[in-house]
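Engineer: Let me see the structure of the following:
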Amino acid sequence: MTIYSRVFTLEVDGKATLAFEASSAREAQGLCKEVWLRDDLDELMSDGVQVCKPAARLSTRPANAEETVVFTNIAGIAEPSDELLMVYLIELDGPPSH
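Structural biologist: Now for the predicted structure:
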């Protein structure tokens, strides 16, 4: 199991959307290029608005103190896994209706 040392925030068009761990800024930025992530984000809604429109810009940055606390609190109660743990920093609507 890899031990990560930093929490990062993924922004969608400048809006803090989710927090995750990565070993470096380069690794964190690589998440923005993952097709599966964009596909997942494209299907999510927050307050009736699509979280990630097709032309949205994804970027990462080091998480601020508040975002790190949110991530750490959720990570502390999550089941151990080798999967990437992503904690949403926005309120999500229910599952898609299609």
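
Engineer: Tell me how far Pro54 lies from Phe20.
Structural biologist: According to C-beta to C-beta, to the nearest Å, Pro54 stands 22 Å off from Phe20. All C-beta atoms are positioned from the backbone trio N, CA, C, and that covers glycine.

Engineer: same deal with Gly76?
Structural biologist: Distance from Gly76 to Phe20, by C-beta to C-beta: 15 Å.

Engineer: In terms of neighbours, single out the busier of the two.
Structural biologist: Remark: of Gly76 and Phe20, Phe20 carries more neighbours, 21 against 7, as counted by other C-beta atoms under 10 Å.

Engineer: who touches that one in this structure?
Structural biologist: Val7, Phe8, Leu10, Ala28, Leu31, Phe71, Leu84, Leu85, Met86, Val87 (C-beta atoms under 8 Å, 6 or more residues apart in numbering).

Engineer: now, which of the residues you listed sits nearest Arg61?
Structural biologist: Among the contacts of Phe20, Phe8 lies closest to Arg61 (C-beta to C-beta), at 6.7 Å.

Engineer: can I assume the closest one sits in a strand?
Structural biologist: Yes: assigned with DSSP: H, G, I helix; E, B strand; the rest coil, Phe8 falls within a strand.

Engineer: what about it, how many neighbours?
Structural biologist: 24.

Engineer: Return the backbone torsion pair for Ile90.
Structural biologist: Backbone torsions for Ile90, taken as degrees, to the nearest 10, come to phi -120, psi 160.

Engineer: Which pLDDT value belongs to the most centrally placed residue in the chain?
Structural biologist: Nearest to the mean C-alpha position of the chain, by C-alpha atoms, centre = their mean, lies Leu18 at 2.9 Å. On the pLDDT scale, Leu18 is placed at 96.

Engineer: thought it was touching Phe8?
Structural biologist: No: assessed by C-beta atoms under 8 Å, Leu18 is found out of contact with Phe8, at 9.4 Å.
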